[in-house]
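need a 3D model of the following:
(chains A and B)
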Amino acid sequence: MTAVRCVDLCKTYRQGEEDIKALDHVSIDIAEGGFVCLSAPSGGGKTTLLNAIGGLDKPDSGEIYIAGRRIDNLSKGELAELRLRQIGFVFQAFNLIPVLTARENVEFVMQVQGVPAGERQKLAGEILDEVGLAGLDDRRPADMSGGQQQRVAVARAIVSRPELVLADEPTANLDSKTADGLMELFRELNEHHHTTFVIATHDKRVMSYAKRLIRMLDGRIVDDIVQDAA
Amino acid sequence: MHRLEILFRLAWRNLWRNHRRTLIMLMAVVLGTWAMIFMTALMRGMVTDVVKDGISALPGHVQVHHPDYRDDPSVANLIAVSDADLSARFNAAGFVKWATRVRVPAVITSEYDSRGVTLLGVDPEYERDLTFVDYDSVSGRFLESADDSGIVIGKKLAETLNTKVGKRIVLMSQDPDNDIADRGFRVVGMFEANIKAFEENYVFAGKTTVQKMLRIGDQVSELVVLGGDYRDVEAEYNKTVELIDGSGEVKRWFELDPYLGSMLGVMDGFVLVWIIVIFLALSFGLVNTLVMAVFERVREIGLMLALGMRPINILGQIVVESSLLLAIGLAIGTGLSWASVQPIKDGIDISIVGDGLDMWGMSSVLYPELLLSDVILANVVVLVLGFLASLSPAWRAANYEPIEAITKV
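Numbering: from 1, shown residues only, chains lettered A, B, ... in the order given. Okay, the predicted model is just below:
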């Protein structure tokens, strides 16, 4: 079964007098349980593609399917519901809600989903342990390092076991040991829960964990390699 | 339920994120609420004072007259039923207070001067709580019975006539046959009234004595009923109509004095306008606070939308935030206004600024009147209008594109 299918996606941004092609006839299929890295130099289109797959950005043309359902023509509310139920996000920066503690940030998505308080707290506690943040439950983002904040964001993205996790430079603010730990966690989830991961990254170590590496340049896919993960 | 919980948590914490701004806005709401309720209590007090003084100026809450009496308040227009018969009917009716009076125009003459006055023939036992005269403060004494042969006049009238307690005056009016009816009275007491005009216009004599002087047998000019609350006299009115059974014209106090009656309606409208004007001043601050709060949180609003929160929940969060701010301000402001009224509920002496107040029917002591209905009105108006005012910034927040908001610098 295909987790993500993009058909002939195009997206152009206007920058000053210039039109920038962020996506130029991009078509990809990502199988369920895939572990895919999107790699591109800055401005290459990987974040735009990730956002389009997550329903955060609309392509100018083309079609996007998540788990067989076309999403590029859904309403705002339907897209919000899709993101809430099926997709976990890890953004490059500004990932957490400043007025909530680490635990509350992790619980946030589950709370909006309507998960009962007891179950929510149990799952949040377990996932914070898994990402190495045991004992930091009550800290607010301002009292945590960048790496700790990123791990909380990852915990939030995976705690409700979404079918698809989209991560934009998830290790950008992490030291190498923490980054490796995080990638191990992603791989474990991928292998044991068949969660599909699509990760946009510059980091070669992150790419080494991927089963499939898609390279992009100027909004086009220039390379699509199936590889042995590290 | 879960969404509501997270909305309240986010709204509450965001509210205290910028303590200083929230506290300043809170102070504005508190002061505005205090001004709305406290000033309304003072204005209500003034109006109630005017109305009560007006009512104590003899109309009571409900009156009965001959149908022609209001056009021609002479001795020719008396209530058809005898005083004894009226007493029998009304004594058994359980009214708070009621009384019958003879009330006719007359001329009072001393050895120096004469004046036109309204002569009131009263039974002092029944009249005690229906009149503006405080019996215990009368210089000399008030009337002792319905057949008392003395007369009680106002202090100002006494000065005009150059008379005093113990001296004699002559009262002159007309009997039903249009013949002169006159009688000499000894001044037994002088009263003072909050409204100085009353001291010049009214004189009190025993009802039986006046009936004899006017040769009207056991008849009276008016019957007055006093109920519990001047704002609601329907029960007294209906009962009086039933008891009078077509023998006289029954009128409520606001029909007898339309000017006085209209003051209540005008006051209700004024209170609403006053509350809305203060709210409009507050709303600028409120909307500004919310716009700033939304502007500062664009990226996290984008994040919440990206994570799957629906736009309606973002709108709800901003509205809840505004409502919490208003609710706290309203609670403190209402409490403060109640506390401000307590030390002065027994009256404030405003005589220092009150020259001429009696022209408007007001006394020199102001009693603030804090009505629950005014408190509820102020709170509801502020909450409802506050909700409406917060919709604009909330709508703006709810309509952000998540990806644009989350990448906003």
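
write out the residues of chain A neighbouring chain B.
Contacts of chain A with chain B, taken as Cβ under 8 Å from any Cβ of the partner chain, map to A:51, A:54, A:56-57, A:76-77, A:80-85, A:87, A:89, A:91, A:94-100, A:104, A:108-109, A:111-117, A:156. No exception for glycine: its C-beta is placed from N, CA and C like everyone else's.

which helix in chain A has the most residues?
Assignment by DSSP state H gives helix A:176-193 as the longest helix of chain A.

in it, what counts as buried?
By neighbour count on 16 or more other Cβ atoms under 10 Å in any protein chain shown, the buried set for helix A:176-193 is A:178, A:179, A:180, A:181, A:182, A:183, A:185, A:186, A:187, A:189, A:190.

next SSE downstream of it?
With elements assigned by DSSP states H and E, the helix or strand that comes after helix A:176-193 is strand A:196-201.

now the angle from that next one to helix A:176-193?
160 degrees (axes from the mean of the first three to the mean of the last three Cα atoms, to 10 degrees).

now do the contacts for the residue positioned nearest the centre of chain A.
What sits nearest the mean C-alpha location of chain A, by Cα atoms, centre = their mean, is residue A:166, with 1.7 Å. Applying Cβ atoms under 8 Å, 6 or more residues apart in numbering or on different chains to residue A:166 gives the contacts A:50, A:53, A:54, A:87, A:88, A:89, A:90, A:198, A:199.

now for the longest helix of chain A, which elements pack on it?
strand A:35-39, helix A:146-159, strand A:164-168, strand A:196-201, helix A:204-209 (3 or more Cβ pairs under 8 Å, 6 or more residues apart in numbering or on different chains; DSSP states H and E).

what do you get if the cut-off is 10 Å, keeping everything else the same?
Secondary-structure packing of helix A:176-193 (3 or more Cβ pairs under 10 Å, 6 or more residues apart in numbering or on different chains; DSSP states H and E): strand A:35-39, strand A:87-90, helix A:117-130, helix A:146-159, strand A:164-168, strand A:196-201, helix A:204-209.

with mean pLDDT added, can I get the ones you listed in CSV?
Listed next are these as CSV, based on pLDDT from 0 to 100:
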stretch, mean pLDDT
strand A:35-39, 94
strand A:87-90, 91
helix A:117-130, 90
helix A:146-159, 88
strand A:164-168, 93
strand A:196-201, 94
helix A:204-209, 90
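
residue B:168 is nearest to which of the ones you listed?
Relative to residue B:168, the nearest member of these by Cβ to Cβ is helix A:117-130, separated by 91.6 Å.

residue of chain A closest to chain B, please.
residue A:84 (2.6 Å; Cβ to the nearest Cβ).

would you confirm that that residue contacts residue A:54?
No. If you go by Cβ atoms under 10 Å, residue A:84 and residue A:54 don't touch, sitting 11.6 Å apart.

from the chain's centroid, how far away is the helix or strand encompassing residue A:80?
Using DSSP H and E, residue A:80 maps to helix A:76-86. Relative to its parent chain, helix A:76-86 has a centroid offset of 15 Å by Cα atoms, centre = their mean, to the nearest Å.

same check on stretch A:61-76?
Stretch A:61-76 sits 17 Å away from the centroid of its parent chain (Cα atoms, centre = their mean).

in it, what counts as buried?
Along stretch A:61-76, these residues count as buried under the neighbour rule (16+ other Cβ under 10 Å): A:62, A:64, A:65, A:66, A:67, A:71, A:72, A:74.

could you do stretch A:9-29 as well?
So, applying 16+ other Cβ under 10 Å, buried residues of stretch A:9-29: A:9, A:11, A:21, A:22, A:23, A:24, A:26, A:28.

whichever helix or strand the fifth one is part of vs strand A:164-168, what angle?
When secondary structure is defined using DSSP H and E, the element that contains residue A:23 is strand A:18-31. Here strand A:18-31 runs at an angle of 140 degrees relative to strand A:164-168 (the same axes, to 10 degrees).

compare neighbour counts for residue A:84 and residue A:54 and give me the winner.
Set residue A:84 next to residue A:54 and count neighbours by other Cβ atoms under 10 Å in any protein chain shown: residue A:54 wins out with 26 against 19.

who's the closest residue in space to the more buried one that isn't next to it in sequence bridged to?
Nearest residue to residue A:54, sequence neighbours excluded (Cβ to Cβ, 6 or more residues apart in numbering or on different chains): residue A:166, at 4.9 Å. Beta bridges link residue A:166 to residue A:89, residue A:198 when assigned by DSSP bridges.

can you tell me how far residue A:115 sits from residue A:84?
Distance of residue A:115 to residue A:84, computed by Cβ to Cβ, to the nearest Å: 11 Å.

could you do residue A:106 as well?
Residue A:106 sits 15 Å away from residue A:84, taking Cβ to Cβ as the criterion.

one more: residue B:83?
Relative to residue A:84, residue B:83 is positioned 84 Å away (Cβ to Cβ).

show me the shaky parts of chain B.
B:1-2, B:56-59, B:351-364, B:408-409 (pLDDT under 70).

tell me which residue is most central in it.
Nearest to the geometric centre of chain B sits residue B:48, at 2.6 Å (Cα atoms, centre = their mean).

is that one part of a helix or strand, or is it coil?
Secondary structure state of residue B:48, per DSSP: H, G, I helix; E, B strand; the rest coil, is helix.

not counting its neighbours along the chain, what's nearest it?
residue B:369 (5.1 Å).

check contacts around that neighbour.
By Cβ atoms under 10 Å, 6 or more residues apart in numbering or on different chains, the residues touching residue B:369 are B:40, B:41, B:42, B:43, B:44, B:45, B:46, B:47, B:48, B:49, B:341, B:345.

confirm it sits in a helix?
No. Read with three-state DSSP, residue B:369 is coil and lies in no helix.

how about the closest residue to chain A within chain B, what does it touch?
Here the residue of chain B nearest chain A is residue B:308; by Cβ to the nearest Cβ that distance is 2.6 Å. Counting by Cβ under 10 Å, 6+ apart, residue B:308 makes contact with A:55, A:79-89, A:108-109, A:112-113, B:402.

report the secondary structure state of it.
Following three-state DSSP, residue B:308 is assigned to coil.

quick check: it vs residue B:258, distance?
Going from residue B:308 to residue B:258 by Cβ to Cβ gives 64 Å.
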